[in-house]
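[1] Have a look at this prediction, sequence included:
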Amino acid sequence: MALQFHLLTSQSPKLPSFAMPQLASFRSPKFVVASTLRSTSREVEALKKPFIPPREVHPQVTHSMPPQKIEMFKCLEDWAAENILVHLKPVERCWQPQDFLPDPASEGFQEQVMELRERAKEVPDDYFVVLVGDMITEDALPTYQTMLNTMDGVRDETGASLNSWAIWTRAWTAEENRHGDLLNKYLYLSGRVDMRQVEKTIQYLIGSGMDPGTENNPYLGFIYTSFQERATFISHGNTARLAMENGDIKLAQLCGTIAADEKRHEVAYTKIVEKLFEIDPEGTVLCFEDMMRKNITMPAHMMYDGRDNNLFDHFSAVAQRLGVYTAKDYAEIVEFLVGRWKVERLTGLSGEGQKAQDYVCGLPARIRRLEERAQARAKEGRTIPFSWIFNREVKL
Ligand SMILES: [Fe+2]
Ligand SMILES: [Fe+2]
C-alpha cells in the first residue's frame with residue numbers, strides 16, 4: 001500500500017505542495033520498504049539517531065534581498081507602529097484557552113470533562129486526524145517565530161527589541177501560542193487520541209524545522225505569512241463547520257475562535273505586502289511570482305511520528321477529502337491575494353515584471369485545471385492507520 005502511494009505521488013503533475021508534498025521525491029527505496037514494516041522496528045531504527053535530518057534537500061538560498069532594501073524596512077518602522085501593531089489585541093481583551101475548557105479549580109470539573117468526552121464521542125475518527133494535524137501545526141510555533149526572525153531588516157535583534165517589527169513578531173507569537181495550547185488541551189481531555197504519539201510528532205516536527213524558501217527576504221516572508229494566515233483561517237473555519245455538523249457546538253466555537261484570530265493576522269500581513277506593492281511594485285511582484293513558482297510549502301510539511309514516512313501526505317489527503325483544506329482553497333487564496341494587492345492593475349512594470357504579473361494572475365485557473373485532472377485520477381477506498389488515533393484506519 002505504501003509503495004503504491006509512493007509511485008502514485010511521484011508520477012503526479014506539480015500541484016501545490018499541501019496536496020502533493022515533495023517529501024516522497026527524495027525518499028530512497030529503502031525508506032519505502034521500511035514503511036511497510038511493523039511500526040516497532042521503525043521506531044527502533046529511529047532510536048539509533050539523535051535527531052531526524054531535514055527532509056527537504058533543495059538548495060537553500062540565503063539573504064536574497066539587496067542590502068539597500070534593509071534600510072527601507074527600517075524607514076517603515078513608524079508606519080508599522082501605526083498600521084500593523086493596531087491589529088494586535090491587548091492581552092486583557094484576548095480570549096484564553098481556559099475560557100473554552102473545563103475549569104480544573106471548579107467543583108464541576110469532572111462533570112464538565114465527562115460532557116466534553118460525551119460530545120467528542122459523536123465526532124468521527126477522520127475529523128480527529130485532521131484536528132490533530134492542525135494542532136501539531138500550531139504547536140510547532142517555535143519554528144515560526146524563528147522563521148520570522150531570519151528575515152533581514154525586520155528581525156528581533158535582541159529578543160526584546162523595541163522596534164515595531166520585533167514587537168509585532170513577539171506579540172503575534174504570543175497570540176498564536178493560545179491556538180496550539182487550546183487544541184492540545186482539548187484533545188487531551190477528549191480521550192480520543194494517543195497523546196504520546198501526538199507529542200512525539202510535535203517533538204520531531206520542531207526538531208526538523210521548516211523550509212518555506214523565504215531566503216531571509218521579508219518580501220518573500222510576508223507574502224508567505226499572508227498566504228498562511230488565510231490558509232489557517234480557512235482550515236480552522238472548516239473544522240468549526242464540521243464540528244457543528246457533528247453536533248459539537250462547543251468544539252465548533254473553539255475552532256471558530258481560533259479562525260477569527262487567523263483572520264486578524266491575515267489582515268495585518270496582507271497590509272504589509274500591500275505597502276510593499278505601493279513602494280516597490282516591481283520588486284514585490286517578482287517576489288510574489290517567486291513564492292508562487294516555488295509553491296507555498298505548508299508549515300508542518302516535515303511532520304513525522306516515528307512510524308509513517310509520509311505522514312504529512314496522509315494527513316493532507318484526509319484534510320482534502322473532508323474539505324478542511326483543499327486544492328480549491330489553495331487556488332482561492334492565490335486569487336484572493338491577487339485581488340487584495342490589485343496585481344492586475346499594476347502599471348509601469350518592466351518586461352520581467354509584466355511576465356510575473358501575468359503568471360500570478362493566471363495561476364488560480366491553472367491550479368484549478370490541474371486539480372480537476374488529479375481528482376479524476378484519484379483512487380477511492382484506500383485506508384491508512386494513523387498512530388495518533390491508536391492505529392485505527394482512516395480513508396484517505
Ligand atoms: Fe494559529
Ligand atoms: Fe496564524
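    Done, it's in. Numbers count the residues shown, from 1 in each chain. Ligands and ions are numbered 1, 2, ... in the order given.
[2] what's the burial count for G209?
    By other Cβ atoms under 10 Å, the residues close to G209 number 17. C-beta: built from backbone N, CA, C; applies to glycine.
[3] How about the one 5 residues further on?
    Applying other Cβ under 10 Å, we find 26 residues neighbouring T214.
[4] who touches it in this structure?
    Residues in contact with T214 (Cβ atoms under 8 Å, 6 or more residues apart in numbering) are M147, T150, M151, L220, G221, Y224, M291.
[5] my guess is it is in a helix, correct?
    No: counting by DSSP: H, G, I helix; E, B strand; the rest coil, T214 is not part of a helix but coil.
[6] Now for Y359: which residues touch it?
    Applying Cβ under 8 Å, 6+ apart to Y359 gives the contacts E289, M292, R293.
[7] what's the closest of the residues you listed to ligand 1?
    Within the contacts of Y359, the smallest distance to ligand 1 is 22.5 Å, found for M292 (Cβ to the ion).
[8] For that closest one, give me phi and psi.
    Per-residue torsions, M292: phi -70, psi -40 (degrees, to the nearest 10).
[9] same question, V394
    Dihedral angles for V394 - degrees, to the nearest 10 - are phi -130, psi 140.
[10] since we're on the spatially closest residue to it that is not a sequence neighbour, how many residues are nearby?
    Of all residues not flanking V394 in the chain, D126 sits nearest, at 4.8 Å (Cβ to Cβ, 6 or more residues apart in numbering). Residues near D126, counting by other Cβ under 10 Å, number 20.
[11] And for the one 3 residues further on?
    The burial metric for V129, expressed as a neighbour count using other Cβ under 10 Å, is 23.
[12] Give the buried residues for stretch 229-245.
    229-243 (16 or more other Cβ atoms under 10 Å).
[13] ditto for stretch 97-111
    If you call a residue buried by 16+ other Cβ under 10 Å, then stretch 97-111 has these buried ones: P97, F100, L101, P102.
[14] which element is the nearest residue to the third one once chain neighbours are set aside on?
    Computed as Cβ to Cβ, 6+ apart, the closest residue to L101 that is not its neighbour in sequence is K185, at 5.5 Å. Per DSSP states H and E: K185 is located in helix 164-190.
[15] now swap in P385 and tell me
    Element membership for P385, per DSSP H and E: strand 383-386.
[16] Next, the buried residues of that strand.
    Buried, per 16+ other Cβ under 10 Å, within strand 383-386: I384, F386.
[17] Walk me through which strands that strand pairs with, and which way each runs.
    Here strand 383-386 is paired, per DSSP bridges, with strand 392-395 (antiparallel).
[18] Farthest pair within the contacts of T214?
    Of all pairs drawn from the contacts of T214, the greatest distance, 15.2 Å, lies between T150 and M291 (Cβ to Cβ).
[19] More neighbours: which of the two?
    More neighbours surround M291 than the other of T150 and M291, with 26 against 17 (other Cβ under 10 Å).
[20] pLDDT at that one, what is it?
    Here, the pLDDT recorded for M291 equals 96.
[21] got a list of what the closest residue to ligand 1 within the stretch 51-200 of the chain touches?
    For the stretch 51-200 of the chain, the residue closest to ligand 1 is H179, as judged by Cβ to the ion, at 3.8 Å. By Cβ under 8 Å, 6+ apart, the contact list for H179 reads E138, I258, D261.
[22] Fine by me, thanks again.
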